[in-house]
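Colleague: any chance you could fold what I've pasted below:
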Amino acid sequence: MTVTNKLIAVVDDDASARDALSALVKAFGFVVAAFSSGAAFLASAELRNTACLIADMQMPDMSGLELFLTLLESSLPIPTILITAYPEDTVKRRALQAGVIDFLAKPVDSEKLMACLRRAVGAPPEKTQGT
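Modeller: Here you go, the predicted structure:
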């Protein structure tokens with residue numbers, strides 16, 4: 001399954017983190033749309049075409065988890081990966097119980113992120129070298 005036509009939305013209020021994550025996701029072969037806030041994403045034309053959302057957990061006005069829950073309440077369940085610079089087990093547990101794909105610590109491990117993205121968009125796992 002090709003992933004190049006799958007749109008991944010990256011939502012992070014930190015411009016350098018947003019740019020770095022967007023570049024990484026593009027390098028994986030996905031189409032990327034980046035947003036500085038949950039509100040900007042919710043108001044965007046890309047909302048209904050998004051195959052997966054990667055959102056920072058801690059942002060002003062709306063956290064990544066609040067954005068995910070807003071999407072669920074709006075009947076727009078988008079597979080979501082939350083990222084954070086401040087991983088806490090209780091927050092991670094709450095997010096996973098709410099239904100997010102995963103909760104990753106910054107700096108994001110690229111292999112873990114790729115595995116999460118492939119799972120989110122329904123792509124088969126990548127074959128490892130030698131298989």
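Colleague: on the three-state scheme, the residue nearest the centre of the chain is what?
Modeller: Centroid check for the chain by Cα atoms, centre = their mean gives residue 54 as the closest residue, at 1.4 Å. Classification of residue 54 by DSSP: H, G, I helix; E, B strand; the rest coil places it in strand.
Colleague: just checking, what packs against the helix or strand hosting residue 104?
Modeller: Assigned by DSSP states H and E, residue 104 belongs to strand 102-105. When contacts are defined as 3 or more Cβ pairs under 8 Å, 6 or more residues apart in numbering; DSSP states H and E, strand 102-105 sits against strand 80-84, helix 89-98, helix 110-121. No exception for glycine: its C-beta is placed from N, CA and C like everyone else's.
Colleague: listing partners with orientation, what would you give for it?
Modeller: Strand pairing for strand 102-105, determined by DSSP bridges: strand 80-84 (parallel).
Colleague: what about the strand it pairs with, average pLDDT?
Modeller: Strand 80-84 shows a mean pLDDT of 97.
Colleague: for the residue nearest to the centre of the chain, which residues are in contact?
Modeller: Taking Cβ atoms under 8 Å, 6 or more residues apart in numbering, we find residue 54 in contact with 8-11, 21, 25, 80-83, 113.
Colleague: dig out what it forms beta bridges with.
Modeller: Beta-bridge partners, per DSSP bridges, of residue 54: residue 10, residue 81.
Colleague: coming back round to it: any idea which of the helices and strands packed on strand 102-105 is most buried?
Modeller: Ranked by mean neighbour count, the helices and strands packed on strand 102-105 are led by strand 80-84 with a mean of 25 (mean count of other Cβ atoms under 10 Å).
Colleague: ok, the nearest residue to residue 62 once chain neighbours are set aside to residue 59 distance?
Modeller: Using Cβ to Cβ, 6 or more residues apart in numbering and skipping the chain neighbours, the partner closest in space to residue 62 is residue 38 (3.7 Å). Separation of residue 38 from residue 59 (Cβ to Cβ, to the nearest Å) stands at 7 Å.
Colleague: residue 12: neighbouring residues, count only.
Modeller: 25 (other Cβ atoms under 10 Å).
Colleague: local confidence estimate at it?
Modeller: pLDDT at residue 12 comes out at 97.
Colleague: sweet, I'm off.
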